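>>> Below is the sequence, then the predicted model.
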Amino acid sequence: MTDSSIQNTRFTGYQTLLTSLFVFILFTIVVDYMTLPALSAILLPDLKLTTEQFGLIVSAYAFSAGISGLLATGFADKYDRKRLLLVYYGGFLAGMVLCATADSLIALVVARVISGLFGGVVASVCFAVISDLFAVDLRGRVIGFVQMAFAGGQVAGLPLALYLAARAEWHSVYWAFFGMGSIIFTVVLFKMKPVVAHLAVQHKGDIPLRHSLRLFGRRDYWAVFLNNILIVLGDVMFMTFGSAYSTNNLGVSLEDLPLIFGIGGITTLVLGPVIGHLSDRYGKFRVFAAGTILAASIAAVYSRSGITPLWLVVAWHVILFTGINARMISSTALTTAMPDQRDRGAFMALDASLQQVAGGVAAAAAGLLVRQSADGMMLGYPSLGAVVIAVMLITMGLMQLINGIIARKR
């Protein structure tokens, strides 16, 4: 089997293996990224952090990942994608070790910077491989399965992280997922084949800077970049202090947080492939619009609520994460059709870079918009919710524009 684009309507055995590997790779990336916000209720008092300091820790990963992704645009299409994946994922695992041994604010910030420098590019490499090896009409289903990593993080990753942090201490979370990541790294090393077809269509003598500048000059690419920036901006702003807001404002106990994430994750785990299939069958934009309406509706209610029954909080999270996953699956499946083959690696790296920077800005902005009062209440969530809803609605317009551009290209 070669690494050329496969036009079958069913997955081959090797495609199934790759899809499974990407699910587990992104599972560890996602759990690492989501762990700190989920542990906000524990880390704020344990490390005696202010909301601004906590926002700095969260954004440290995002900003470093953004810088790394930007630098990667010059050479992301110059090498075998398997080798790039091993280098970046290996560096990410080293960052997890640093997190597991961090014992101060400064040490944790440094650890998050290292994790971001490598981990922030891993997803873009995976999606570049998907674009190389899977036909457009299969990508909705592929992305639907790959997005199971996010749902799996909610079902297994976050509950496990919260359990370990509550029963042992928070450092054990990073040791546990470092062990899992080491096994995944070994499987990629021995089972994944080189991915080099893109090397045949590169411009001869194209230096890294020229390759990067060509991407910056493409208006159609920037429609995708801006859309994805805003998607991340809204989601991260709303979720950065979600754990602390649930426990202090909605009345959810720390012991019930794993239940909330677990049930919400199970729902999205089941619906992920279904959403991917629906986006292939009925159109990516329609699924994106439906997901946006769901997510924005819950954001409006959630951000303005007080003490709430546990069952209702669980229901809100189920609907919210279903909407978020519908947005992510459909937008990713659609926008991977935008770049030319010779630009895919660089396009994905730059896209990931801009998203990571947006995540850093969002986390820092959330730390400024939201305040914790002396009694633990998180203040400012209604204003935060209004900003997030406005951003979500803007992305609907951008997705319609992108949908039209890609339809004309095909």
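Perfect, I can see it now. Just so you know, these numbers come straight off a predicted model, no measurement behind them.

>>> which parts of the helix or strand hosting Gly397 are buried?
Element membership of Gly397, judged by DSSP states H and E, is helix 381-409. When burial is assessed from 16 or more other C-beta atoms under 10 Å, helix 381-409 yields the following buried residues: 381, 384-385, 387-389, 391-392, 394-396, 398-399, 402-403, 406. Placement of C-beta: from N, CA and C, glycine included.

>>> before we move on, what about stretch 44-61?
In stretch 44-61, counting by 16+ other C-beta under 10 Å, buried: 44, 47, 49, 51, 53-61.

>>> go on, stretch 171-180?
Val173, Tyr174, Ala176, Phe177, Phe178, Met180.

>>> can you give me the helices in the stretch 101-250 of the chain?
105-133, 136-146, 148-152, 158-167, 171-191, 208-216, 219-239, 242-248 (DSSP state H, counting those that start in this stretch).

>>> mind checking how far the residue nearest the centre of the chain is from Val195?
Closest to where the C-alpha atoms of the chain average out (C-alpha atoms, centre = their mean) is Val30, at 6.0 Å. According to C-beta to C-beta, to the nearest Å, Val30 and Val195 sit 22 Å apart.

>>> coming back round to it: looking at the buried residues of stretch 171-180, which one is closest to Arg81?
Met180 (22.4 Å; C-beta to C-beta).

>>> Do I have it right that that closest one meets Asp32?
No - checked against C-beta atoms under 8 Å, the pair Met180 and Asp32 is beyond contact range at 10.7 Å.

>>> Next, Ile307: phi, psi?
phi -60, psi 130 (degrees, to the nearest 10).

>>> Can you classify the residue lying closest to it once chain neighbours are set aside by secondary structure?
Leaving aside its sequence neighbours, Ile307 sits nearest to Gly251 (C-beta to C-beta, 6 or more residues apart in numbering; 4.2 Å). Assigned with DSSP: H, G, I helix; E, B strand; the rest coil, Gly251 falls in the coil class.

>>> Run a quick neighbour tally on Gly251.
For Gly251, the neighbour count with other C-beta atoms under 10 Å is 15.

>>> what does Leu160 give?
Residues near Leu160, counting by other C-beta under 10 Å: 18.

>>> Tell me the pLDDT of it.
As predicted, Leu160 sits at a pLDDT of 75.

>>> And the residue nearest to it when sequence neighbours are not counted, how far from Met34?
Spatially, and ignoring its direct neighbours in sequence, Leu160 is nearest to Ala176 (7.0 Å; C-beta to C-beta, 6+ apart). Plainly put, Ala176 is 14 Å away from Met34 if you go by C-beta to C-beta.

>>> what ranges do the strands span in the stretch 1-150 of the chain?
For the stretch 1-150 of the chain, no strands are identified by DSSP state E, counting those that start in this stretch.
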